[in-house]
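Q: The sequence isn't on hand, but the structure is:
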């Protein structure tokens, strides 16, 4: 077993998400402070073929996933936590031909909702491409064995 069980759990979780498979999103770091994912650059995510700038939808997917996965960093057991609200403020376009990192952390956990915030960046998190805030509904452990994602992610609970 790894020295960081949270990192291993996060890697199993992200590998089960189809959009992460298609976009090539992987886990870079996971700890009690938050989750960092990587979106590799590639022609499939280019929004402007003339400049090579990444499409905003790919960045939105990265940040929604990072915020949603940050819930793993604060919950003792896996819970289904769908997105309630996500706001992204884009600061500037991502530089072409470079991966984008998405960092997110949970800053408040209630019985029903988890509040997250984060940044998308390339070389320096102090110079973000975008800021994000999101809220996620706690559906509880009762759904983890239901058909769908819960069944797929049984191994993510370990």
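A: Okay, I see it. Just so we're clear, the structure is a prediction, and the values are computed from it rather than from any experiment.

Q: buried set for stretch 24-38?
A: In terms of neighbour count (16 or more other CB atoms under 10 Å), stretch 24-38 has its buried residues at 25, 27, 28, 29, 30, 34, 35, 36, 37, 38. Glycine gets a C-beta too; all of them are placed from N, C-alpha and C.

Q: before we move on, what about stretch 73-82?
A: 73, 78, 79, 80, 81.

Q: Filter those residues down to just the ones in helices.
A: Among the buried residues of stretch 73-82, no residue falls in helices (DSSP state H).

Q: CSV for those residues, including distance to residue 132 and pLDDT?
A: Converted to CSV, the buried residues of stretch 73-82 look like this (distance: CB to CB, whole Å; pLDDT from 0 to 100):
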residue, distance to residue 132, pLDDT
73, 16, 92
78, 22, 85
79, 21, 88
80, 21, 86
81, 16, 93
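
Q: And the furthest pair within the buried residues of stretch 24-38?
A: With CB to CB as the measure, no two of these lie farther apart than 25 and 34, at 15.7 Å.

Q: quick one, what contacts residue 109?
A: 74, 75, 115 (CB atoms under 8 Å, 6 or more residues apart in numbering).
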